[in-house]
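Colleague: Here's my sequence, what's the structure:
(chains A, B, C and D)
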There are 4 protein chains.
Amino acid sequence: MNTSTETSTLTERYQAVRDLTEQLALPISPEEQTIQPMPDASPTKWHRGHTTWFFETFLLRPEQPDYRVFDDQFNFLFNSYYNAIGERLARPNRGILGRPSAETVGHYRSHVDEAMAGFIDSDAGQRREIAELIELGIHHEQQHQELLLMDIKYTLSQNPIRPAYRGRDLDPTPAVPQEWLEVSGGIFSIGHLGDGFSFDNELPRHEVLLDPFKIASRPVTNGDWLEFMSDGGYQRAELWLSEGWAKCDTAGWSHPEYWIQADGWHQFTLDGVTKLDRHEPVSHVSYFEADAYARWAGARLPTEFEWECAVRRLHPDGPGEQDNSLDTGRLHPGGPGGDRLYGDVWEWTASPYVGYPGFRAAEGAVGEYNGKFMVNQQVLRGGCCLTPRSHMRFSYRNFFPAHTRWQCSGLRLAL
Amino acid sequence: MNTSTETSTLTERYQAVRDLTEQLALPISPEEQTIQPMPDASPTKWHRGHTTWFFETFLLRPEQPDYRVFDDQFNFLFNSYYNAIGERLARPNRGILGRPSAETVGHYRSHVDEAMAGFIDSDAGQRREIAELIELGIHHEQQHQELLLMDIKYTLSQNPIRPAYRGRDLDPTPAVPQEWLEVSGGIFSIGHLGDGFSFDNELPRHEVLLDPFKIASRPVTNGDWLEFMSDGGYQRAELWLSEGWAKCDTAGWSHPEYWIQADGWHQFTLDGVTKLDRHEPVSHVSYFEADAYARWAGARLPTEFEWECAVRRLHPDGPGEQDNSLDTGRLHPGGPGGDRLYGDVWEWTASPYVGYPGFRAAEGAVGEYNGKFMVNQQVLRGGCCLTPRSHMRFSYRNFFPAHTRWQCSGLRLAL
Amino acid sequence: MNTSTETSTLTERYQAVRDLTEQLALPISPEEQTIQPMPDASPTKWHRGHTTWFFETFLLRPEQPDYRVFDDQFNFLFNSYYNAIGERLARPNRGILGRPSAETVGHYRSHVDEAMAGFIDSDAGQRREIAELIELGIHHEQQHQELLLMDIKYTLSQNPIRPAYRGRDLDPTPAVPQEWLEVSGGIFSIGHLGDGFSFDNELPRHEVLLDPFKIASRPVTNGDWLEFMSDGGYQRAELWLSEGWAKCDTAGWSHPEYWIQADGWHQFTLDGVTKLDRHEPVSHVSYFEADAYARWAGARLPTEFEWECAVRRLHPDGPGEQDNSLDTGRLHPGGPGGDRLYGDVWEWTASPYVGYPGFRAAEGAVGEYNGKFMVNQQVLRGGCCLTPRSHMRFSYRNFFPAHTRWQCSGLRLAL
Amino acid sequence: MNTSTETSTLTERYQAVRDLTEQLALPISPEEQTIQPMPDASPTKWHRGHTTWFFETFLLRPEQPDYRVFDDQFNFLFNSYYNAIGERLARPNRGILGRPSAETVGHYRSHVDEAMAGFIDSDAGQRREIAELIELGIHHEQQHQELLLMDIKYTLSQNPIRPAYRGRDLDPTPAVPQEWLEVSGGIFSIGHLGDGFSFDNELPRHEVLLDPFKIASRPVTNGDWLEFMSDGGYQRAELWLSEGWAKCDTAGWSHPEYWIQADGWHQFTLDGVTKLDRHEPVSHVSYFEADAYARWAGARLPTEFEWECAVRRLHPDGPGEQDNSLDTGRLHPGGPGGDRLYGDVWEWTASPYVGYPGFRAAEGAVGEYNGKFMVNQQVLRGGCCLTPRSHMRFSYRNFFPAHTRWQCSGLRLAL
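Modeller: Below you'll find the model as predicted:
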């Protein structure tokens, strides 16, 4: 699964991303594409429709006068959260869509792709602000590619017969000792730099003052986590944030999401139930658990500034083939190779998600992309095994609420 | 849709009922068959699987030694509520079943039907208690046939694009005045009589003492209901039971389920959105609404004993072709013809659902069929436009909680 | 606590009942009088105010022209559920009333009592329909007397320091074997007879047809219940109604309300925590538990008609001094003496609460007294140790939802 | 109400704070002291007990060998959230405490005060770490003093008869234009400085890098807020954070807490219902509302660092007599005088509540004071009209969840 978008034309990149979404959805039957197992996880069919709706709504409808709308009702069905676009299907009700069928959504995608193919090459499509919107749509779809896989994983896991998305055997992960990388303090520039694409929340680029710090050479592993569990990690209130402890109690957490105890520890993966690999980075833990683990380990989570600063220095070339991204096709943390600063798991940071100094959302519907979520969420950095490599970068800021676990999230320690 | 089972062999009746279920599910896509829009309504696919599981579990597994179980996991997935059979998928989670696919459920049905075909004709299948169990399975499946259609209707209605199950135009219903039929009092025998099939809750046959009463010649119509609404029926607390008024308030009821006000009253039907026909029997009202209506009308609901007694006297031949059952294919209350005592809508009675004097549930799992639901439900009598005609009878006792409206329920007045 | 009302004048009876309420509230501090521990249980202060409001609203305001209303706001605060009287404080919010103080409520009571004293003796007060309303108010207050004690018991039990209402030692209850009393079948008259007071739900008197039956000579005891528990009564689904089993599971029931296991079984009583007496009638069980117990015992609960019929024959003189009512001052089931058909505990019957044939609620607010609760409740008969003796009678129909346990409810078996 | 603690001895300060709590509770009856109107607001009686428990638990029990515990059960009842101390009454259940009575809590306070009086002067009490703990207890009680008044206000407001805590007329607030104060950028030291008391969350003192900014000379007023409302502030999704908009919708917000529209705008205050004063600082708004207002005004909220930096420069002497604190006795925002940087209302900042770099909670129970709440809360700065003046300081960090409004919170704009 090559997700490279760097060296190709906009048209090529558009088509590659659109094709990849369909390829990712392929192993999933029409029935499975329809299910919404919880409010946070959307049906596959809906992801496929919504990413298409984005191009139709923000490009074809307003900018392509002779565009014929595929189905007027889709504007209601596939709007995610854009108030400026109008009324929409409430998020927890996305599982009610028996129709349009998975097949019809495929026709919708083809219809829009055909129109977009013409549009990108047209004069209008060449305009800078239009090209930027297309680029945004491509990156938007990449975000949904990893969400699609996370949501499928959750959907399949809830089925008592635990069907697999795929049936491969996962290569084992080698043991790698954790080392501490030292980073000296000072004033650093944070945020996106250069001409490439970034979301608005990666800007404005600005300076921060950091003390010297140490950051771990690898994420916390399943084996590390088992020690935390053996030491009463899920039973000792003093390790937890107050809200985290309450959640742990009401949800009955005693291990990461997807772990299964049955003749030794196993976990549910996109390749079905497998034996737990101690050397893999731990995944599907909430911020509350990550924070408790760090306290137990006598360490802390890095801030997002520390993370960005460390990665720029220690891994200046950005994510590459050695990093476990969607492109490797493993679809699970770990695998061959040693220390990695990118990939495997999204890494919780100690930073709540707020706008950078001077941040202002864009006018209109596109401005609803990031800014309106800047409260009660934590920043995660790095990218995971389900993230297209071309979607990872130094300045990328992912965010989730502190109690969520269905996303592929882990942690790296700091001191 | 001929549902006759009276004059044919057990094998023929088995096959006819099984085929009809598949025929009823046919217009529904695999995606739509998978959806559970609320805890009370089950997915089509689940109904198809569960009715099959019934034959496999109560007949083939225990009585047919060389039967090969289709899939062991189905015993967990398709058990509805039989504690004696073991653990099962929780009822509100039936919508999580992406797999087995609608197609696989079809294979499951064929597999069991094939085994049953041999079994019914075998010596074992001829034994009286076995034949009775098969008969029970047939009637069980008929119950699910009407539930399947009610659940589909609800599922489709929740989809914002309101897809239709079918696309016919409904014949109009003629105006019929309401008259009062008088029934003299005395001691009457209540409950199932004779050799034909009945559920255990229709027995023991016993005597009740009734005062003289009057019963309406036809159910309350949509036109009657509009008068109730115009007269503030949904705003006047004094007409309602206390619990009903609270429910009306929190649920925001102001008309029957499926009614839509848009340039005059319309309703959602299995044939899509149609103009409201004033002469049709009102349907999809709760017991709370039916009770409030009767109070408003200066009348009351009949008891289930009054209903049974009146029907036996006034319509001694039982349901026939003139009655609006599933067999007419209308799939909606009303239609040509005049007064009917059967069909159109299940009629709420004033009787809470309790066991008849001397009632005891059977031993074992089959005993869980009816007895354990005998609290906090109201009895409905008669059968509706989705009920197979061969499933209707004098003594049939249907039951639903007082607040439910997704079933095809209406009312007939008494004095 | 003598609650006799039979031989005294209306004025004397009015005053005696009013005084008793205050006497019952006396051990409870102003703070405790204010607490509402759950929606079903009202604060003591509220009971004291509401029973006073009844006389003010239905008698003094409409019938006594020169009556000066104590406080206009009390009409909002102390209306329980009478829609015809107007808006009111929502039931679950009764615990918000810091003011009026317990002392002010006392002044309110004196104010109304003074006005009532003059009114009862006036010409207006002598009119038949007025005298009947006063009688209704007296019986209404007696109902609240037992509710007041049940609610206090629940309130105190929720306080972790478990304060006692009183501190007496309870006399032990002698062992009494259970015998079966036989009652022959036939047509019986049911409902209130004669000139004395009754609620509207005890009428119209009407005939029912009963088969012969047997009824137990005493209620089920704590000792009996312990056997049910030892035999897995709370773990065996097959003994329970479906809704009861679900409630048992979500509420985590494993014994009656107020039982405490600590070095042997104890229970919380109005006299604090005491050792469980095996010979006492079991109390504070729900209908669901009572029904499961009866099934386990190979018996059933009597219908309310069987109960009334049996008691009229076997105990024709009505409740007396030997019966454990509020008048004995024990305030707990059991105590000296043998078989009793009245008192100790309200006895769950198999009968859902519906109106008798021909029942119609009165016009206006007073008509909201009973009729609007006739759905999803079970009838209890007999009266309990907190019921004023003069409030017990053959035809009395108490009613509670099947899942409730804070009332003093037990059971008697039938066959 | 003089809350000065600066120039007096520890004994004097201890006694002054303890006396003030009792003085603040005095207007509240025993019944009102018992009520918990929502999980966030505790009963007055509980505040009085809990602040006493703090001294008993952290000082007298461990450090004063001959101390006689007042009542062992109080350790369970009055522990707020200290897991290290053991089990405790769940927070939402604090309203169940009919006993201990308000009077008994008074005895508890006297008992502990007497023991503390001897202890403070003893050799043990003079030890530095003990003196620091006593100081912490004093400041802890000051926190509860303002909470006690906020909780009383909420409790009284929920009573339909809206009783007043006090009955004074509030002096009007003069109109003051909003001006922009400019602060130049640079590296600034943030956090507590010097020998005086601070909470652990005000440390470690550390440096931050700030851009130049402007900050408003006064908080947003009721009059400003009315303009926001007239301009559709509560109806325009684009002004709101996504989570804020959802909350606004489900809670039905259309104005600040305590505002009442009835023949012009009024508000509920500790002095009862009064006409809204346009020139008062707006209060009882959530972070979500404050953030939406700032966006509407074309401005933003200051960060907590900007706030601290601005106040240190512009108001270097700290809070004084001109600032509206608890000491002025107004008990409401506004009043005579012009621009104020302290007092009136706690001011929402744009900063989520996190630990300062290098922050580590203390070992043991006292370490649960602040650190475990550092997620999903926003920092507020400044102090309000219910805050003791001696409790306000430059570096004080208050915090509440973004949706809460019962605290006395307002806002000041920045650019």
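Colleague: And chain A, split by domain according to the record?
Modeller: Annotated domains of chain A cover A:10-157, A:180-410 [automatic domain parsing].
Colleague: hmm, the first one touching chain B?
Modeller: Yes. Legend: contact between domain A:10-157 and chain B by Cβ under 8 Å from any Cβ of the partner chain is shown at A:28-35, A:37, A:45, A:73, A:76-77, A:89, A:93, A:95-102, A:155-156. Every C-beta, even on glycine, is put in place using the N, C-alpha and C of the backbone.
Colleague: Whichever of those end up buried, select them in ChimeraX.
Modeller: Remark: buried members of the residues of domain A:10-157 next to chain B, expressed as a ChimeraX selection using 16 or more other Cβ atoms under 10 Å in any protein chain shown:
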select /A:28,29,30,31,32,33,34,35,37,45,77,89,95,96,97,98,99,100,101,102,155,156
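Colleague: Among the residues of domain A:10-157 next to chain B, name the ones in helices.
Modeller: Taking DSSP state H, the ones among the residues of domain A:10-157 next to chain B that sit in helices are A:45, A:76-77, A:102, A:155-156.
Colleague: Now for the one residue in the stretch 51-200 of chain A that gets nearest to chain B: which residues touch it?
Modeller: Of all residues in the stretch 51-200 of chain A, residue A:98 sits closest to chain B, at 3.2 Å by Cβ to the nearest Cβ. When contacts are counted by Cβ atoms under 8 Å, 6 or more residues apart in numbering or on different chains, residue A:98 touches A:34, B:28-29, B:31-32, B:34-35, B:155-156, B:159, B:163.
Colleague: which pair in the residues you listed spans the largest distance?
Modeller: Greatest spatial distance in the contacts of residue A:98: B:34 and B:163, 14.6 Å, computed using Cβ to Cβ.
Colleague: mind checking how far the nearest residue to residue A:341 once chain neighbours are set aside is from chain B?
Modeller: In space, and not counting its chain neighbours, residue A:341 is closest to residue A:315: 4.5 Å by Cβ to Cβ, 6 or more residues apart in numbering or on different chains. According to Cβ to the nearest Cβ, to the nearest Å, residue A:315 and chain B sit 39 Å apart.
Colleague: Neighbours of residue A:315, how many?
Modeller: Counted with other Cβ atoms under 10 Å in any protein chain shown, the neighbours of residue A:315 add up to 16.
Colleague: thought it was touching residue A:339?
Modeller: No. Contact criterion Cβ atoms under 8 Å: residue A:315 and residue A:339 do not qualify, at 9.5 Å.
Colleague: Report the closest residue of the stretch 201-350 of chain A relative to chain D.
Modeller: residue A:237 (3.8 Å).
Colleague: Check what pLDDT that residue gets.
Modeller: Here the pLDDT value assigned to residue A:237 is 94.
Colleague: Which helix or which strand is home to the residue sitting nearest the centre point of chain A?
Modeller: Chain A has residue A:146 as the residue nearest its centroid, 5.4 Å off, counting by Cα atoms, centre = their mean. Residue A:146 is part of helix A:128-158 when elements are defined by DSSP states H and E.
Colleague: how many neighbours does the nearest residue to residue A:216 once chain neighbours are set aside have?
Modeller: Excluding its sequence neighbours, the residue lying closest to residue A:216 (Cβ to Cβ, 6+ apart) is residue A:413, at 4.4 Å. For residue A:413, the neighbour count with other Cβ under 10 Å is 24.
Colleague: Please tell me I have it right and residue A:413 contacts residue A:301.
Modeller: Yes. Taking Cβ under 8 Å as the definition, residue A:413 is a contact partner of residue A:301 at 7.2 Å.
Colleague: Look up the residues that both of those two are in contact with.
Modeller: residue A:294.
Colleague: Tell me how far residue A:261 lies from chain C.
Modeller: In this view, residue A:261 and chain C are 24 Å apart by Cβ to the nearest Cβ.
Colleague: ok, the residue sitting furthest away from the middle of chain A - contacts?
Modeller: Within chain A, the residue lying farthest from the chain centre (Cα atoms, centre = their mean) is residue A:66, at 35.4 Å. By Cβ under 8 Å, 6+ apart, no residues touch residue A:66.
Colleague: Tell me where the stretch 51-200 of chain A has strands.
Modeller: Ranges of strands in the stretch 51-200 of chain A, per DSSP state E, counting those that start in this stretch, are A:180-183, A:186-190.
Colleague: and the angle from the longest one to strand D:186-190?
Modeller: Yep, that's strand A:186-190 we're talking about. 110 degrees (axes from the mean of the first three to the mean of the last three Cα atoms, to 10 degrees).
Colleague: If you tally nearby residues, what's the number for the closest residue in space to residue A:156 that isn't next to it in sequence?
Modeller: Closest residue to residue A:156 apart from its sequence neighbours, by Cβ to Cβ, 6+ apart: residue A:163 at 5.3 Å. Number of residues near residue A:163 (other Cβ under 10 Å) recorded here: 17.
Colleague: now residue A:317
Modeller: Residue A:317 is flanked by 5 other residues according to other Cβ under 10 Å.
Colleague: Tell me if I am right that it is in a strand.
Modeller: No. Counting by DSSP: H, G, I helix; E, B strand; the rest coil, residue A:317 is not found in a strand; it is coil.
Colleague: just for chain A, where's the confidence low?
Modeller: For chain A, residues meeting the criterion pLDDT under 70 lie at A:1-7.
Colleague: same thing but 80
Modeller: Applying pLDDT under 80 to chain A flags the ranges A:1-7, A:338, A:363-369.
Colleague: Where is the longest strand in it?
Modeller: Across chain A, the longest stretch assigned as strand under DSSP state E is strand A:346-352.
Colleague: What strands flank that strand, and is each parallel or antiparallel?
Modeller: Strand A:346-352 has these partner strands in its sheet, going by DSSP bridges: strand A:378-381 (antiparallel), strand A:409-410 (parallel).
Colleague: what sits up against the first one?
Modeller: Meaning strand A:378-381. The contact list for strand A:378-381 (Cβ under 8 Å, 6+ apart) reads A:287, A:304, A:307-308, A:311, A:346-353, A:396-402, A:409, D:375.
Colleague: Give me the buried entries from those residues.
Modeller: Here, 16+ other Cβ under 10 Å leaves A:287, A:304, A:307-308, A:311, A:346-353, A:396-400, A:402, A:409, D:375 buried among the contacts of strand A:378-381.
Colleague: distance between stretch A:53-69 and the chain's centre?
Modeller: Distance of stretch A:53-69 from its chain centroid, counting by Cα atoms, centre = their mean, to the nearest Å, is 27 Å.
Colleague: I'd like the domains of chain A as a markdown table, with distance to residue B:54 appended.
Modeller: Shown next, in a markdown table, are the domains of chain A (distance: least, Cβ to Cβ, whole Å):
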| stretch | distance to residue B:54 |
| --- | --- |
| domain A:10-157 | 22 |
| domain A:180-410 | 30 |
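Colleague: roughly how far apart are the closest residue to residue A:120 other than its chain neighbours and chain B?
Modeller: Once flanking residues are discounted, residue A:120 sits nearest to residue A:11: 5.1 Å by Cβ to Cβ, 6+ apart. Remark: distance between residue A:11 and chain B (Cβ to the nearest Cβ) = 32 Å.
Colleague: Direction-wise, compare the helix or strand harbouring residue A:11 with helix A:128-158 and give the angle.
Modeller: Using DSSP H and E, the element containing residue A:11 is helix A:10-25. For helix A:10-25 and helix A:128-158, the angle between their directions (the same axes, to 10 degrees) works out to 10 degrees.
Colleague: From the contact counts, what lies against helix A:10-25?
Modeller: helix A:44-55, helix A:102-121, helix A:128-158 (3 or more Cβ pairs under 8 Å, 6 or more residues apart in numbering or on different chains; DSSP states H and E).
Colleague: Backbone dihedrals for the residue in the stretch 101-250 of chain A that chain C sits nearest to, please?
Modeller: Here the residue of the stretch 101-250 of chain A nearest chain C is residue A:250; by Cβ to the nearest Cβ that distance is 14.5 Å. When quoted as degrees, to the nearest 10, the phi and psi of residue A:250 stand at phi -70, psi -30.
Colleague: All set, thanks.
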